[in-house]
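**Student:** structure of the sequence below:
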Amino acid sequence: MSDHSGKTQVTGQLAVAAIQQACSQDKAASLATTEMLVREAAAGGAQLVVLQELHATQYFCQTEDTGVFDLAEPIPGPTSERLSDLARELSVVIVGSIFERRMNGVYHNTAVVIETDGSIAGLYRKMHIPDDPGFYEKFYFTPGDAQFNDGRNGFSPIETSVGKLGVLVCWDQWYPEAARLMALAGAEILIYPTAIGWDITDEPDEQARQLEAWVTVQRGHAVANNLPVIAPNRVGTEPDPTGHSDGIRFWGNSFICGPQGEFLERADDSAECILSVTLDRHRSESIRRIWPYFRDRRIDAYGDILKRVRD
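**Tutor:** Model (predicted):
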């Protein structure tokens with residue numbers, strides 16, 4: 001909204017959208033789908049649009065293949081510039097995800113935040129890197145720096161025109177320390193671009209347990225930090241390029257929840273979709289006044305958290 005002078009007034013409401021999509025082996029096709037969905041979200045009023053992890057390609061970490069490094073890009077680069085053009089045209093903030101080539105031999109799984117004017121507001125390089133059957137990420141990704149070259153902690157919110165965004169990536173979801181450090185630095189929203197799914201051969205009960213664990217831990221971060229959480233995930237079955245397994249069925253279930261972990265929107269496990277929610281910017285402060293976890297933290301007693309094992 002604007003006052004009589006024409007200046008923009010910051011309101012207590014923020015319209016956000018999370019994009020859930022299937023991905024193609026053709027980067028151009030995946031990005032075309034992304035752009036279509038971002039345009040639809042912006043037309044619906046979204047001011048902040050969050051994309052899933054590595055949305056320009058299929059999830060290539062099912063196998064270890066040096067040829068895959070050819071997919072990596074610098075930032076700025078073709079994908080970030082396309083997102084910048086889109087953000088500028090639509091006047092939205094976009095959280096994208098890029099396989100980043102930082103230098104020869106150093107590659108990252110990087111979330112890039114684009115401002116409404118198309119400028120890069122900041123980067124977050126995935127800090128926790130898994131290495132499991134079908135998720136061989138340590139082969140491809142160098143962990144983000146614990147400290148940026150300018151001295152900031154690696155878990156630092158990114159300042160934007162829509163607020164301070166606590167951007168993390170996928171495997172970071174399982175670590176309460178990451179969410180807490182973002183919250184302590186003033187993050188107003190926790191954001192988790194994601195690519196996670198099922199081993200197709202797992203029993204249905206095991207698949208259900210995995211999905212509920214993923215949802216529950218992130219809702220827990222919302223509750224423990226009194227912050228909304230945006231978690232977009234991909235859908236679709238992607239084959240194992242080696243043929244050694246049946247591939248991964250990505251389980252979707254993207255969701256947005258409020259600062260008490262309450263579901264605001266949740267997707268199903270198969271459809272491309274846009275989740276659109278209007279967040280109350282003041283709700284986190286209201287909740288913290290009646291659930292003052294941050295006041296009651298015993299920071300004098302937590303020193304051992306920095307030890308690998310307390311033995």
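
**Student:** biggest helix in the protein by residues?
**Tutor:** Ordering each helix of the chain by length in residues (DSSP state H) puts helix 204-225 first.

**Student:** what pairs with whatever helix or strand comes next after that helix, and is each one parallel or antiparallel?
**Tutor:** Where DSSP states H and E defines the elements, the next helix or strand beyond helix 204-225 is strand 229-231. Strands that pair with strand 229-231, judged by DSSP bridges, come out as strand 189-191 (parallel), strand 255-257 (antiparallel).

**Student:** so which bits of strand 229-231 are buried?
**Tutor:** Of the residues in strand 229-231, Val229, Ile230, Ala231 count as buried by neighbour count, 16 or more other CB atoms under 10 Å. No exception for glycine: its C-beta is placed from N, CA and C like everyone else's.

**Student:** how about stretch 91-108?
**Tutor:** Val92, Val93, Ile94, Val95, Gly96, Ser97, Ile98, Phe99, Glu100, Arg101, Tyr107, His108.

**Student:** what's the average pLDDT for that stretch?
**Tutor:** Here the mean pLDDT over stretch 91-108 is 98, rounded to a whole number.

**Student:** and what of stretch 166-175?
**Tutor:** Stretch 166-175 shows an average pLDDT of 98 in the prediction.

**Student:** how about residues contacting that stretch?
**Tutor:** Residues outside stretch 166-175 that contact it (CB atoms under 8 Å, 6 or more residues apart in numbering): 53, 95, 97, 109, 111, 113, 122, 124, 126-130, 137, 155, 157-158, 178-179, 182-183, 185, 187-196, 214, 217-218, 221, 227, 231.

**Student:** please repeat the previous calculation with a cut-off of 7 Å.
**Tutor:** 53, 95, 109, 111, 113, 124, 126-130, 157-158, 178, 182-183, 187, 189-196, 214, 217-218 (CB atoms under 7 Å, 6 or more residues apart in numbering).

**Student:** so which of the residues you listed are in helices?
**Tutor:** Cross-referencing the contacts of stretch 166-175 with the helices (criterion: DSSP H) gives Ala178, Met182, Ala183, Trp214, Val217, Gln218 as the overlap.

**Student:** among those residues, which one has the most neighbours?
**Tutor:** When neighbours are counted as other CB atoms under 10 Å, the busiest of those turns out to be Met182, with 29 neighbours.

**Student:** re earlier: highest average neighbour count across the strands paired with strand 229-231?
**Tutor:** Mean neighbours per residue, mean count of other CB atoms under 10 Å, is largest over the strands paired with strand 229-231 for strand 189-191, with a mean of 27.

**Student:** contacting residues for Arg88?
**Tutor:** Shown here is Arg88, whose contacts under the criterion CB under 7 Å, 6+ apart are Asp117, Gly118.

**Student:** my bad, should have said Leu227
**Tutor:** Applying CB under 7 Å, 6+ apart as the definition, the contact partners of Leu227 turn out to be Ala183, Ala187, Glu188, Ile189, Leu190, Pro259, Ser284.

**Student:** could you rerun that using 10 Å?
**Tutor:** Applying CB atoms under 10 Å, 6 or more residues apart in numbering, we find Leu227 in contact with 166, 179, 182-183, 187-190, 221, 257-259, 283-284, 287-288.

**Student:** try Asn253
**Tutor:** Taking CB under 10 Å, 6+ apart as the contact definition, Asn253 lies against 20, 194, 196, 211-212, 214-215, 231, 233, 235, 266-270.

**Student:** swap the cut-off to 8 Å and go again
**Tutor:** Applying CB under 8 Å, 6+ apart, we find Asn253 in contact with Leu211, Trp214, Val215, Asn233, Arg266, Ala267, Asp268, Asp269.

**Student:** wait, which of these is closest to Asp246?
**Tutor:** Closest approach to Asp246 among the contacts of Asn253 (CB to CB): Asp269, at 16.8 Å.

**Student:** which two in the ones in helices among the contacts of stretch 166-175 are spaced the farthest apart?
**Tutor:** Set against one another by CB to CB, these have their most distant pair in Ala183 and Trp214, with a gap of 19.9 Å.

**Student:** need the strands paired with strand 229-231 in JSON lines with mean pLDDT and distance to Arg297, can you?
**Tutor:** Formatted as JSON lines, those follow (pLDDT from 0 to 100; distance: least, CB to CB, whole Å):
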{"stretch": "strand 189-191", "mean pLDDT": "98", "distance to Arg297": "18"}
{"stretch": "strand 255-257", "mean pLDDT": "98", "distance to Arg297": "22"}
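
**Student:** out of these, which gets nearest to Asp65?
**Tutor:** Closest to Asp65 of the strands paired with strand 229-231, according to CB to CB: strand 189-191, at 29.3 Å.

**Student:** thank you kindly, that will do.
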